[in-house]
Each structure stands twice: as C-alpha cells, then as structure tokens.
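> Based on what follows, work out the 3D shape:
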Amino acid sequence: MVKRQKKRPRASSNGKKIHAEVITTHINADFDALASMIAAKKIYPNATLVFPGSQEKNLRNFFLHSTSYLFNFTKMKQIDFDEIRRLILVDTRQRGRIGKFAELSDRKDVEIHIYDHHPDSKDDIHGHFEVIRSVGAATSILTQIIKEKNISITADEATIMCLGIHEDTGSFTFSSTRPEDYRAAAWLTEQGASHNLIADMITRELSAQQVWLLSDLTKAATTHTINGIEVVISKVISEDYIGDFAVLVHKFMEMENLNAIFALGQMEDKIYLVARSRVPEINAAEIAMAFGGGGHPDAASATIKNKTLIQAERSLRSLLANRINPQEKARDMMSSPVIHVPPDLGIKDAADIMTKYNINVLLIMEDQ
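Got it, this is the predicted structure:
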C-alpha cells in the first residue's frame with residue numbers, strides 16, 4: 001500500500017509559498033467562524049487556513065490555552081494573493097467583512113465557494129458554489145456535509161465544531177436555532193466532542209471588570225419608544241479592552257427581559273456595537289450592517305471606527321428611527337367609513353350588503 005504524501009505549498013517568485021486554495025472567514029472571528037474554518041478544512045484538505053484580520057478576544061485566549069496549535073493556521077503576510085485560485089468563505093459572504101480577501105471577489109481566475117447562514121445583504125459576494133441555509137450556526141451546515149461525505153474527524157475537531165454551534169445558538173436558546181443545529185451537535189457528540197471543555201468555555205465566570213461593566217450598562221440604559229416599539233440604548237466607556245461585551249449585553253437583556261437593546265462600548269480606540277432583538281419589527285443585522293458589521297435579525301454586532309461615542313449614538317438613533325418598522329394599529333387595518341346595519345334590518349338584506357362589499361363580518365349599530 002502506497003502512502004499518499006500531503007501536498008506542500010511551493011515557493012512563488014517573491015519568496016512566499018504558493019497557496020492555491022484558501023479558507024477564510026470574517027474579521028473579528030468568533031468560535032463559529034473558527035469552527036467553520038476547521039470543518040471546511042476537512043472538506044478541502046489541501047486548502048490553507050487564514051484569518052482575514054483580528055479575532056474576538058475570547059477566541060485569542062482560546063488559541064493560547066488550548067489544543068488549537070494542532071490546527072495549522074497561516075498568517076496573512078505569508079500568502080501570495082496572485083497565486084490564489086480558489087477562495088472558500090465560511091460564516092460570511094459580505095465583501096466588507098473579509099478584509100484584503102475582498103480583492104479576489106472580482107478576479108475571473110479565482111473560484112469562490114461560500115458556506116454561510118446569514119441573511120442576504122447588498123454587500124454579498126456571489127460565489128461559483130454556494131451553500132447558504134437559514135440555521136443557527138454556519139458550523140452546522142459544514143458538519144452536515146462532513147457527515148454526508150462520511151469524513152472522519154478527531155475528538156478535538158468535534159469539540160471545537162460543537163463549541164461553535166453552542167456559541168452561535170446561545171446553547172440552543174436563540175430564536176435562530178433550527179433542528180439542523182441540534183442534529184449537528186448530536187453527531188459531533190457521537191464523534192467525541194468534550195462537553196466539559198465546551199461548558200468551561202460557555203459558562204465562564206465574570207471577571208471583576210466585567211461585573212463593573214455590566215453594572216455600568218444597567219445604570220446607563222435609557223428606554224425609548226420609536227415608531228411604537230420600546231428600545232433600550234446603553235453606552236459605556238472603558239479605558240481598557242474588556243472581553244465578552246456581547247455576553248454582558250445578552251445577560252443584561254435576560255436580566256431585564258428586554259425586547260430590544262443596542263449597546264455601545266467605547267474601549268481603547270474603538271467603539272463596539274452589540275444589538276439584540278426579540279421582536280420582528282427590529283432587524284438587528286440591518287442596523288449592524290449600516291456600521292460595517294453583520295449578524296442575524298435577532299443578534300448582530302459591529303466595530304465602529306472614526307466616530308466619537310456621541311456621534312455613534314446619534315447615528316444609531318437616526319438609523320433606528322428610519323428602520324424600525326412601526327407596529328400596525330387597529331386604525332391601519334380598518335376602512336372608513338365603517339360598514340354597518342341597524343338591528344332591525346332583515347337577514348337577506350344584510351347578506352346582500354356583505355356580498356356587495358366582499359366582507360364576512362358586519363357590525364350592527366344602534367343609533368343613540
């Protein structure tokens with residue numbers, strides 16, 4: 001039996017190694033993005049894993065204190081973009097969220113494959129091959145494909161993939177969760193996913209800084225009624241970066257049983273927006289996209305640059321006023337004048353009126 005050797009990237013003329021296939025995701029990658037990349041690597045074994053930019057801080061910590069060293073990630077500066085012939089995008093398809101890789105979207109010699117679970121947006125790249133499904137986590141899509149192709153995975157891979165599903169579904173509590181997410185997590189459990197590690201990552205105790213920030217969030221919160229919808233806006237400032245801002249906003253939402261919250265956090269030289277919505281009139285992703293971010297209708301985020309906190313809040317309020325769909329009122333549904341009949345009108349005459357106006361309910365009104 002001849003053992004197949006793994007293909008190694010050749011060197012290009014500029015000294016960089018040639019990576020013809022690249023797997024990437026969105027900037028500020030989270031666990032679902034990481035898990036999706038690892039899952040895609042199982043489907044495209046010769047592809048190179050590359051982050052397009054920074055990762056969320058909890059993901060960076062994970063890289064420092066876990067077995068992630070087993071997965072071979074390549075730095076952006078080592079990639080020769082002229083040599084790329086296939087780009088595999090996971091957990092995103094927005095041009096503005098993939099950094100320098102957006103340059104490849106217009107190249108005719110680059111084939112683009114997309115695996116995503118986010119709603120459509122005007123900034124979307126269209127791939128030569130696309131798998132886009134409305135599920136809670138992008139990892140669930142890739143897990144199903146791996147299962148169908150009968151590709152074997154290690155326990156470490158199963159753990160990270162299952163962690164990605166847990167994170168993006170809020171451990172199956174978000175309204176975006178679908179049966180496919182449960183089935184994917186169940187199969188990953190069968191492959192040896194460690195729920196002890198997942199629990200450690202998901203149920204982390206809050207640090208003293210996070211407790212203070214959560215307290216500041218609650219104190220700074222203001223309630224606004226916009227187009228008939230109640231919205232909470234809160235903003236906080238911290239000289240240092242404090243991780244898991246989205247987790248804190250979600251905890252605040254659950255504590256106060258809020259229908260919609262938009263939180264702005266100024267940390268170091270950036271402003272972070274976290275949006276959450278439980279009502280159909282507010283699309284959190286639409287608001288986040290206006291700031292260059294993205295997400296789902298019920299959970300989204302963005303990193304805001306080149307704005308002060310006051311400017312960001314002013315822009316946020318303007319967007320909410322323009323994009324919140326007002327609740328329908330009874331007067332919006334009613335026609336005027338009201339079609340009615342007196343109590344002494346005969347049944348046949350009343351039936352004729354209902355036929356004439358094509359209605360199935362007729363008010364009986366008595367003059368006072």
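
> quick one: the closest residue to Gly192 other than its chain neighbours and His166, what's the gap?
Once flanking residues are discounted, Gly192 sits nearest to Ala155: 3.2 Å by C-beta to C-beta, 6 or more residues apart in numbering. C-beta here means a position set from N, CA and C on the backbone, and glycine is covered the same way. With distances taken as C-beta to C-beta, to the nearest Å, Ala155 is found 16 Å from His166.

> can you pull out the helices in the stretch 151-300 of the chain?
Using DSSP state H, counting those that start in this stretch, the helices found in the stretch 151-300 of the chain span residues 155-169, 179-190, 195-202, 208-220, 245-256, 284-290.

> Could you say which of those helices is packed most deeply?
Ranked by mean neighbour count, the helices of the stretch 151-300 of the chain are led by helix 155-169 with a mean of 26 (mean count of other C-beta atoms under 10 Å).

> what's it packed up against?
Applying 3 or more C-beta pairs under 8 Å, 6 or more residues apart in numbering; DSSP states H and E, we find helix 155-169 packed against helix 31-43, helix 138-148, helix 179-190, helix 195-202.

> Now do the buried residues in the second one.
Meaning helix 138-148. For helix 138-148, a neighbour-count test (16 or more other C-beta atoms under 10 Å) marks Ala138, Thr139, Ser140, Ile141, Leu142, Thr143, Gln144, Ile146, Lys147 as buried.

> Could you identify the pair within the residues you listed that is furthest apart?
The most widely separated members of the buried residues of helix 138-148, counting by C-beta to C-beta, are Ala138 and Lys147 (15.2 Å).

> and stretch 232-241, average pLDDT?
Stretch 232-241 comes out with an average pLDDT of 92.

> residues contacting the closest residue to Ile151 other than its chain neighbours?
Nearest residue to Ile151 in three dimensions, chain neighbours excluded: Lys42, at 5.1 Å (C-beta to C-beta, 6+ apart). Contacts for Lys42 (C-beta atoms under 8 Å, 6 or more residues apart in numbering) come out as Leu142, Ile146, Ile151, Ile153, Glu157.

> what ranges do the strands span in the chain?
Counting by DSSP state E, residue ranges of the strands within the chain are 21-24, 48-49, 86-90, 111-116, 129-132, 222-226, 229-238, 260-267, 270-277, 294-295, 299-304, 340-341, 363-364.

> roughly how far is the second one from the heart of the chain?
In this case it means strand 48-49. A distance of 22 Å separates the centroid of the chain from that of strand 48-49, by C-alpha atoms, centre = their mean, to the nearest Å.

> That one packs against which elements?
Helices and strands touching strand 48-49, by 3+ C-beta pairs under 8 Å, 6+ apart, are strand 21-24, helix 31-43.

> Could you export these as a markdown table, including distance to Met76 and mean pLDDT?
Shown next, in a markdown table, are those (distance: least, C-beta to C-beta, whole Å; pLDDT from 0 to 100):
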| stretch | distance to Met76 | mean pLDDT |
| --- | --- | --- |
| strand 21-24 | 9 | 96 |
| helix 31-43 | 14 | 94 |
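
> of all the ones you listed, which lies closest to Gln78?
Nearest to Gln78, of all these, is strand 21-24, at 11.0 Å by C-beta to C-beta.
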